[in-house]
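*Asks:* Need a 3D model of the sequence below.
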Amino acid sequence: DSMGEPAFIAVQEVENDIVLTHLLAREHIEAEYDFIWQEGPDRRGIDVALIYRRDQVSVLSFEQRQACTQLADGLGPDGNRDMDDPHNEITCDTDGDGSLDGNRLFSRPPLVVEMQISMGNGQSLPLWVIINHWKSKLEDSDYQEYTLQRRVEQAQFVSTLTNEILSSHPGANLMIIGDLNDFPDSLPVTILTQLGLQNVMVNIPQASRYTFIYQGVSQVLDYALTSPALSIHHVSPQPIHLNADFPTVYEDEVLTSYRSSDHDPINFDFIFLKHQVYVPMVGH
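*Replies:* Next comes the predicted model:
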């Protein structure tokens, strides 16, 4: 009801496919949805997924992508979680020489989806989506950003995925979306914007731009960044403030959507333009 049954929904912290199956079987959801989910290595069993309307979206391909790092920070799916004596199990090959020398970078690997979205009147919008849920700041302190380097490498890997798609599909419409767990001026987010991607969250008035509230401070942690080709379709974002503004007591209220998560969802509207016209301007 709050989101208006959109064409597709990028979701984070999905426990398993059973949860998604039960969700989409609810009678009050009128649209026919399907989903893409692949289990990842997160110890808590939370993954990213895509929910999409069968009548509006055709999925052409999808793939979960993992990377390998030599970070010995105790984090990630292979870390021991001991910040005083961090250790990571050796589980993967960083340089492709056949010898294991690193650990998996993502607990929630990005999900890369290629789709076609029906825009009506027989028109469709080809779109690539990279769904993310990067490392949180849980282990950080007031004096040390312990988790930052892992998010930096996650951003670098997603940049590689972006270049891979745009190189093989020049001019592709692409969105990087999800919970990046960092701020707009942070190094991980800057790595993406330096690719030439547009952070469309800046189009939201600052007073309502937040998606999360931590200790009374409103923050932007959730994003959509778009490729230059997608900019002509005027991607318009709007946070739906039904979670962050409400106290945790609502978490147990099953008859309301308030505080169904600690993050607010963001709605993105697309305007489909079949043609782009350039009008010459002559100065006098």
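
*Asks:* Is it correct that residue 229 falls within a strand?
*Replies:* No - Residue 229: not assigned to a strand; according to DSSP: H, G, I helix; E, B strand; the rest coil it is helix.

*Asks:* so it touches residue 173, yeah?
*Replies:* Yes - in this structure, residue 229 is within contact of residue 173 by C-beta atoms under 8 Å, at 5.2 Å. No exception for glycine: its C-beta is placed from N, CA and C like everyone else's.

*Asks:* The two: who's more crowded?
*Replies:* Of the pair residue 229 and residue 173, residue 173 is the one with more neighbours under other C-beta atoms under 10 Å, namely 22 against 15.

*Asks:* Residue 230 is in contact with that one, correct?
*Replies:* Yes - counting by C-beta under 8 Å, residue 173 does reach residue 230; the two are 4.3 Å apart.

*Asks:* list residues touching both of the two?
*Replies:* residue 127 (C-beta atoms under 8 Å, 6 or more residues apart in numbering).

*Asks:* Nearest residue to the middle of the chain?
*Replies:* Closest to where the C-alpha atoms of the chain average out (C-alpha atoms, centre = their mean) is residue 178, at 1.9 Å.

*Asks:* List the beta-bridge partners for it.
*Replies:* When bridges are called by DSSP bridges, residue 178 pairs up with residue 132, residue 223.

*Asks:* Which strand or helix spans residue 30?
*Replies:* Using DSSP states H and E, residue 30 maps to neither a helix nor a strand.

*Asks:* My guess is it contacts residue 24. True?
*Replies:* No - applying C-beta under 8 Å, one finds residue 30 not in contact with residue 24, separated by 11.5 Å.

*Asks:* more neighbours, those two?
*Replies:* residue 24 (14 against 6).

*Asks:* so what's the more buried one closest to, chain neighbours aside?
*Replies:* Distance criterion C-beta to C-beta, 6 or more residues apart in numbering; nearest residue to residue 24, sequence neighbours excluded, is residue 33 at 4.6 Å.

*Asks:* likewise residue 92?
*Replies:* Distances taken as C-beta to C-beta, 6+ apart place residue 68 nearest to residue 92, at 3.8 Å, with adjacent residues excluded.
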